[in-house]
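Participant: 3D, please:
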Amino acid sequence: MSVREIVMMGDPVLREVAEEVDAFDDALRALVRDMFETMYHADGIGLAAPQIGISSRILVIDLRRDDDHDDDDEPIALVNPRVAWQSTAVEKQTEGCLSIPGLEEVVERPGEVRVEAQDPDGNPVSIAADKLLARALQHEIDHLDGVLFLDRVSPLKRRMLLKKWKKLESEEA
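Facilitator: Numbering: from 1, shown residues only. As a prediction, the model looks like this:
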């Protein structure tokens, strides 16, 4: 296992629609292990393959790092996930992103979802989720579609966040 570099906002891979995965092999399983390791190293609860520069429809989530998790939460690795159903009821909650460190904003998303996917061995998986897991799944699937959480806020908030991002970038340079 190895920690991969997380790409930052501005990298074109974050705006691409990721490619479907069709090879369920040792290389895929090794990539999933690296993604978990990278996510843990960055103190995140979710990571999508584009965030490490790989345009593939793969995501990992582990809510055990969050105070709001349920005790029965297990790490999740999904390949080719898609939202098959979403509730009409929405919830608002603050989101951040490992590819946009230092920025957070309230994002409105469906409160419940059902996600259809495959596991790293190619077996079909269906997950019914609410609360934080529903939000994390939607956030990471957005990454696979080239969407950032900034795209889910009002134009005014987006401009303010982008201005803050530019300031954070200039401070690091």
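Participant: any idea which element Ala128 lies in?
Facilitator: Element membership for Ala128, per DSSP states H and E: strand 124-130.
Participant: buried residues in the longest strand along the chain, which are they?
Facilitator: Secondary structure assigned by DSSP state E gives strand 76-86 as the longest strand of the chain. Residues 76-81, 83, 86 are the ones in strand 76-86 that count as buried (16 or more other Cβ atoms under 10 Å). Just so you know, the C-beta spots here come from the backbone N, C-alpha and C atoms, and that holds for glycine as well.
Participant: compute the inter-axis angle for the strand holding Ala128 and strand 76-86.
Facilitator: Here strand 124-130 runs at an angle of 70 degrees relative to strand 76-86 (axes from the mean of the first three to the mean of the last three Cα atoms, to 10 degrees).
Participant: and strand 124-130, how far out from the chain middle?
Facilitator: 16 Å (Cα atoms, centre = their mean, to the nearest Å).
Participant: which elements pack onto it?
Facilitator: The contact analysis (3 or more Cβ pairs under 8 Å, 6 or more residues apart in numbering; DSSP states H and E) places strand 124-130 against strand 76-86, strand 112-118, helix 131-144.
Participant: possible to save these as a markdown table with distance to Pro101 and mean pLDDT?
Facilitator: Formatted as a markdown table, the helices and strands packed on strand 124-130 follow (distance: least, Cβ to Cβ, whole Å; pLDDT from 0 to 100):
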| stretch | distance to Pro101 | mean pLDDT |
| --- | --- | --- |
| strand 76-86 | 23 | 98 |
| strand 112-118 | 26 | 98 |
| helix 131-144 | 15 | 97 |
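Participant: count of residues packed around Glu74?
Facilitator: Neighbour count of Glu74, defined by other Cβ atoms under 10 Å: 9.
Participant: hmm, I was thinking of Glu95
Facilitator: Neighbours around Glu95, by other Cβ under 10 Å: 22.
Participant: next: the one 3 residues further on.
Facilitator: Leu98: 20 surrounding residues under other Cβ under 10 Å.
Participant: pretty sure it belongs to a helix, no?
Facilitator: No - counting by DSSP: H, G, I helix; E, B strand; the rest coil, Leu98 is not found in a helix; it is coil.
Participant: Ile6 is in contact with that one, correct?
Facilitator: Yes - counting by Cβ atoms under 8 Å, Leu98 does reach Ile6; the two are 5.2 Å apart.
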